[in-house]
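**Q** Need a 3D model of the sequence below.
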Amino acid sequence: MHRKMVWACGLVLLMVICPRASAADSLPPANRWISPEAIFVVEVSQPEALLDLAFDPKMIEAVASLPAYQKQAEQPGFRQFLQVVRFLEMTLDTPWPTGVRKLVGGGVTLAASADGGALLIVDAQDAQMLQRLHEILLGFAKNQAEKQEQPGRVASEEYRGATCWTFGGDEAHAILGNRLLLANRSEVLKAALDLRAKPDGQSLASSPAYQNARAALSGDMVASAFVNLQPLKQHPPVKDLLTQSSSNPLATLLLAGVTEALRDSSWLAVGLDVEEDTLSLSAVVDGKAGGENSPAAFALPSRDAEGALPNLAVPRRIAAASLYRDLHRFYAAKDDLFPERTSGLIFFENMMGIFFSGMDLTEEVFGETRPEIRVVVAEQDYDSAVGTPQVQFPAFAAVFHLERPAEFAEVVEEAWQKAVGLINFTRGQQAQPGLIIDRPVHSGTKFTVAYFRSPKDADRTNVDARFNFRPALATEGEYLIFSSTEGLAGDLIDALKKEQAGTPKPLAETHSLVELDGAGLLSILAANRENLIRQNMLEEGNTQAEAETQIDLILAVLKYLDEAKLSVGSREGRPQANLKLKLDLP
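**A** The predicted structure is shown next:
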């Protein structure tokens, strides 16, 4: 255990992300020593912001407060780890944060190949400190090998002017000036040294796919990743995923051409940027976003003035999504999109035919909707006269933009009441309470709500799960609201009135926008903590203590998430996704 812990410390110090290489470094870029056949490459070129965030006292306090960290800190192995860190601080005569920067201060590159080979290249700001650390680890490795009567485990050989070391197993590494090369197999290390000896040879840096991927990322990224999709798409699980998602109507509607773009792409590029407490990830592929005749055209805004609308803000919001989806165009192309017409789609058509009295779904139903669709999820504010369910579900709603709200509202009202009637009939057969329909008024808007009668002589802190639902249907201006609760419907009526007082501006070149509110998500999960623990025990087979540890870790991490925002669209004709994570540090 002690030997493994020392090795872990050494490798951690060598692998931690670091600032840019100094101008005096004469070594070529690391990508010139990587094979063009690499399928996955991560490059950290200017991670000053990452180190600043990692070493920020607020981040250290946040990590130290995690239950998992506190539990680990009590283990003997962790104390050994701290002892090794202190030993290295004294031996190298530098505090460990400063030592990390000096040891790996020129950048980090990690590459993986299809055959499982992996190569880590680390450039140090201080070549002497790197060499001193290697001598310390070398001495320790030799000492341990001799104690275990395996002195040959630590060995070296010369190859192309470099000394290649192994401390045991398949690991192989070499130090060239201020650069460390660490491979999981000796042949991987030697392949990198072969490229070093042939500076004009074919390397990752000369690969057209790699060059195009780097150029597609906007701005000066802190870190980037390159993925060669060609071999990955031949991997059976990936191949099946891309095939199955394109034959699933719901997946096709939601993913909106993402799988199509991946199937047509040869590479994926991902960039990371950091600004104070916000992490921004952008991903782009070389496949086309599609055109007028593309199967994904129903999700592609045809004009600059079109796109997903901003999300709606309501009290206690957990998540919100705004989608640009032309349902009329999507359903009109169902025979081309789904030539085998899955059983689920046939069942959907039959049910819709009942609710909409045999109306043509393509023209008379979906033809009445505009492409702007929004979804909202919010924590409920339960009525004290009814009670709070033991299992608390969030409220959720879908908001559709209508072409002719005055004419179509009654059609939807009829279909909605048929659905409520079907629910009541089914529940009546099972001797369960049914829904009662009412027509309340909120902020001057009359809408329809269905509710269960209040429980008699019940514990108001533990009522049946059915009281999570109080479905409502409302029309506000040009928008139709389907909500699982009356309360969320009222909040959306207020939000839409406020929005329609101005003119909501669509998000250019964006067909999907998803936002997550960390505080709202944490609140609903904390309210269901006991239920989540029981579910974890049943599904994972954990003990109660193990389940509590896992659930509490999730809750503790979410405490430091302020918000997350994912947008998907296109830029310069290429599909692109952007994810922003804003942290809420103490």
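**Q** Give me the below-cutoff pLDDT ranges for the stretch 301-450 of the chain.
**A** Applying pLDDT under 70 to the stretch 301-450 of the chain picks out residues 340-343.
**Q** Equivalent analysis for the stretch 101-250 of the chain, please.
**A** With pLDDT under 70 as the threshold, the stretch 101-250 of the chain has low-confidence stretches at 244-247.
**Q** Which stretches in it count as helices?
**A** For the stretch 101-250 of the chain, the helices defined by DSSP state H, counting those that start in this stretch occupy 127-147, 186-197, 208-216, 229-232, 236-247, 249-255.
**Q** Please apply the same query to the stretch 351-500 of the chain.
**A** So, for the stretch 351-500 of the chain - with DSSP H, counting those that start in this stretch - the helices run 405-429, 486-500.
**Q** one step back: now the helices of the stretch 101-250 of the chain as TSV including mean neighbour count and distance to Arg179?
**A** All C-beta spots, glycine's among them, are computed from the backbone N, C-alpha and C. Formatted as TSV, the entries for those read as follows, by neighbours: other C-beta atoms under 10 Å; distance: least, C-beta to C-beta, whole Å:
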stretch	mean neighbour count	distance to Arg179
helix 127-147	16	8
helix 186-197	18	10
helix 208-216	16	20
helix 229-232	16	28
helix 236-247	13	34
helix 249-255	17	42
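**Q** any chance of these in a markdown table, plus distance to Arg329?
**A** Written out in a markdown table, the entries for the helices of the stretch 101-250 of the chain read as follows (distance: least, C-beta to C-beta, whole Å):
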| stretch | distance to Arg329 |
| --- | --- |
| helix 127-147 | 59 |
| helix 186-197 | 50 |
| helix 208-216 | 29 |
| helix 229-232 | 28 |
| helix 236-247 | 17 |
| helix 249-255 | 11 |
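**Q** closest one to Arg153 among the ones you listed?
**A** Closest of the helices of the stretch 101-250 of the chain to Arg153 is helix 127-147, at 4.4 Å (criterion: C-beta to C-beta).
**Q** ok now do Val377, which residues does it touch?
**A** With C-beta atoms under 8 Å, 6 or more residues apart in numbering as the criterion, the residues that contact Val377 are Arg317, Ile318, Ala319, Ala320, Pro394, Ala395, Phe396.
**Q** Name every strand pairing with the helix or strand containing the third one and say which way it goes.
**A** For Ala319, the host element (DSSP states H and E) is strand 317-324. Based on DSSP bridges, the strands next to strand 317-324 in the sheet, each with its direction, are strand 369-378 (antiparallel), strand 510-517 (antiparallel).
**Q** and it, C-alpha only, in PDB?
**A** Coordinates of each C-alpha in strand 317-324 appear next as PDB, following Å, rounded to 0.1, in the frame of the first residue of the first chain:
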ATOM      1  CA  ARG A 317     -37.800  26.600 -11.300                       C
ATOM      2  CA  ILE A 318     -35.600  23.500 -11.500                       C
ATOM      3  CA  ALA A 319     -35.100  23.200 -15.300                       C
ATOM      4  CA  ALA A 320     -36.300  24.700 -18.500                       C
ATOM      5  CA  ALA A 321     -36.000  23.800 -22.200                       C
ATOM      6  CA  SER A 322     -36.700  25.800 -25.300                       C
ATOM      7  CA  LEU A 323     -36.900  24.000 -28.600                       C
ATOM      8  CA  TYR A 324     -37.300  25.000 -32.300                       C
END
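**Q** between it and helix 486-500, how big is the angle?
**A** Interaxial angle, strand 317-324 versus helix 486-500 (axes from the mean of the first three to the mean of the last three C-alpha atoms, to 10 degrees): 50 degrees.
**Q** Output the helices of the stretch 351-500 of the chain in TSV; the columns should cover distance to Ala508 and mean neighbour count.
**A** Rendered in TSV, the data for these read as follows (distance: least, C-beta to C-beta, whole Å; neighbours: other C-beta atoms under 10 Å):
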stretch	distance to Ala508	mean neighbour count
helix 405-429	26	14
helix 486-500	18	21
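**Q** Val63: which of those is closest?
**A** Between Val63 and the helices of the stretch 351-500 of the chain, the tightest spacing by C-beta to C-beta is seen for helix 486-500, at 36.0 Å.
**Q** which other helices and strands contact the closest one?
**A** For helix 486-500, the elements it packs on are strand 369-378, strand 395-402, strand 441-442, strand 448-451, strand 472-476, strand 479-483, judged by 3 or more C-beta pairs under 8 Å, 6 or more residues apart in numbering; DSSP states H and E.
**Q** looking at those strands, which is closest to Leu180?
**A** For the helices and strands packed on helix 486-500, distance to Leu180 was read as C-beta to C-beta. The smallest value, 47.4 Å, belongs to strand 369-378.
**Q** Any chance of JSON lines for the helices and strands packed on helix 486-500, columns distance to Leu253?
**A** What follows is the helices and strands packed on helix 486-500, written out as JSON lines (distance: least, C-beta to C-beta, whole Å):
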{"stretch": "strand 369-378", "distance to Leu253": "10"}
{"stretch": "strand 395-402", "distance to Leu253": "13"}
{"stretch": "strand 441-442", "distance to Leu253": "30"}
{"stretch": "strand 448-451", "distance to Leu253": "26"}
{"stretch": "strand 472-476", "distance to Leu253": "22"}
{"stretch": "strand 479-483", "distance to Leu253": "16"}
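**Q** how about those strands, which one is nearest Asp286?
**A** strand 369-378 (26.4 Å).
**Q** okay, the closest one in PDB with CA atoms only?
**A** Coordinates of the C-alpha atoms in strand 369-378 are reproduced here as PDB (Å, rounded to 0.1, in the frame of the first residue of the first chain):
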ATOM      1  CA  THR A 369     -48.500  24.800 -34.100                       C
ATOM      2  CA  ARG A 370     -45.500  27.000 -34.600                       C
ATOM      3  CA  PRO A 371     -42.000  25.700 -34.200                       C
ATOM      4  CA  GLU A 372     -41.400  27.300 -30.800                       C
ATOM      5  CA  ILE A 373     -41.900  24.800 -28.000                       C
ATOM      6  CA  ARG A 374     -40.900  25.400 -24.300                       C
ATOM      7  CA  VAL A 375     -40.800  23.000 -21.300                       C
ATOM      8  CA  VAL A 376     -40.600  24.000 -17.700                       C
ATOM      9  CA  VAL A 377     -40.000  21.900 -14.500                       C
ATOM     10  CA  ALA A 378     -40.500  23.500 -11.100                       C
END
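**Q** Could you quantify the relative orientation of that strand and helix 405-429 as an angle?
**A** Computed by the same axes, to 10 degrees, the angle between strand 369-378 and helix 405-429 is 50 degrees.
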